[in-house]
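Peer 1: here's a sequence, model it:
(one chain, ligands or ions: 1)
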Amino acid sequence: MWTHLLGCAGFISMLFYVADATCDAEGEGGAVGAECLERWPLYVFLTSATVCLGTSTVYHLFGTANEKWEIALRNVDYGGIVSLIVGSCAPVVHFGFGDAYPLTRIVYMFAIGGLGAAVLVCSFTPWFDRHNGLRVALFVALALSGVVALLHAMVAHDFSPRVVSMLHGVLAMGATYLLGVGFYATHFPESLRPARTFDLIGSSHCIWHVCVVLAALRHYSTVVALWRDSAHG
Ligand SMILES: [Zn+2]
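Peer 2: The predicted structure is shown next:
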């Protein structure tokens, strides 16, 4: 339990560090004006990842205090997941469509943002917590709305290498999430040796957290590459 809390906290500070590093690298490159304007989707994503890891850490730290806190903080944790999904979609939509399709870009932003807000409202209702399958389905649907936007962007840009490379990055991120969900759902490896062997380290939930952080970092490298591309291209 403590290991993944420390992991979460470590990665939160790393995400802040990476946000700073982006600024530094930009200073060296010259032509700052145009790049600065385009940088906001990166911050949206970094903030959403930080919110997700932060709320998850708070939930795991204080959720055990009593039942009331447990329920309240679990809802906050779900809200963090919604934030991460929407925040991951924002740079994909923005850089995917680029300046060539400003209206389509705005429509997708509002559609995904609206869908995210709807799921967020749901996440604070009692039934959201009771229905595991439905909850996962809503999260997946939200994430798929970003994939739909990306596929549309790919067709709109006639399968340009830039947008296709983004699809590769998003697929790698998706695979990492799926791996984590696999551990999360099957409770492997502690399902094999239930006698508290994996309580401290290596539990399925711990692996799930590591997968989330790795997937978020993978996505960050994807969108940073795109941002560099959109700034210089
Ligand atoms: Zn957790």
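Peer 1: host element of the residue nearest the centre of the chain?
Peer 2: In the chain, the centroid-proximal residue (C-alpha atoms, centre = their mean) is Leu84; its distance is 3.6 Å. Per DSSP states H and E, Leu84 falls inside helix 67-97.
Peer 1: and after the lowest-mean-pLDDT helix or strand in the chain, which helix or strand comes next?
Peer 2: Here the helix or strand of the chain ranked lowest by mean pLDDT, DSSP states H and E is helix 32-37, holding a mean of 45. For helix 32-37, the following helix or strand on the C-terminal side (DSSP H and E) is helix 40-62.
Peer 1: just the C-alpha atoms of that next one, please, in PDB.
Peer 2: The C-alpha trace of helix 40-62 is given here as PDB (Å, rounded to 0.1, in the frame of the first residue of the first chain):
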ATOM      1  CA  TRP A  40      -1.900  25.000 -23.200                       C
ATOM      2  CA  PRO A  41      -3.000  21.400 -24.200                       C
ATOM      3  CA  LEU A  42       0.100  20.100 -22.500                       C
ATOM      4  CA  TYR A  43      -0.800  21.900 -19.300                       C
ATOM      5  CA  VAL A  44      -4.300  20.600 -19.500                       C
ATOM      6  CA  PHE A  45      -3.000  17.100 -19.800                       C
ATOM      7  CA  LEU A  46      -0.400  17.500 -17.000                       C
ATOM      8  CA  THR A  47      -2.900  19.100 -14.700                       C
ATOM      9  CA  SER A  48      -5.500  16.300 -15.400                       C
ATOM     10  CA  ALA A  49      -2.800  13.600 -14.700                       C
ATOM     11  CA  THR A  50      -1.800  15.300 -11.500                       C
ATOM     12  CA  VAL A  51      -5.400  15.700 -10.400                       C
ATOM     13  CA  CYS A  52      -6.000  12.000 -11.100                       C
ATOM     14  CA  LEU A  53      -2.900  10.800  -9.200                       C
ATOM     15  CA  GLY A  54      -3.500  13.300  -6.400                       C
ATOM     16  CA  THR A  55      -7.100  12.300  -5.800                       C
ATOM     17  CA  SER A  56      -6.200   8.600  -6.000                       C
ATOM     18  CA  THR A  57      -3.400   9.200  -3.400                       C
ATOM     19  CA  VAL A  58      -5.800  11.100  -1.100                       C
ATOM     20  CA  TYR A  59      -8.300   8.300  -1.500                       C
ATOM     21  CA  HIS A  60      -5.800   5.600  -0.500                       C
ATOM     22  CA  LEU A  61      -4.400   7.700   2.300                       C
ATOM     23  CA  PHE A  62      -7.700   8.800   4.000                       C
END
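Peer 1: what about it, average pLDDT?
Peer 2: Helix 40-62 shows a mean pLDDT of 85.
Peer 1: that helix - contacts with which helices or strands?
Peer 2: Contacts defined by 3 or more C-beta pairs under 8 Å, 6 or more residues apart in numbering; DSSP states H and E place helix 40-62 against helix 2-29, helix 67-97, helix 204-232. (Glycine included, C-beta is placed from N, CA and C.)
Peer 1: what residues sit buried inside that helix?
Peer 2: For helix 40-62, a neighbour-count test (16 or more other C-beta atoms under 10 Å) marks 41-42, 44-60 as buried.
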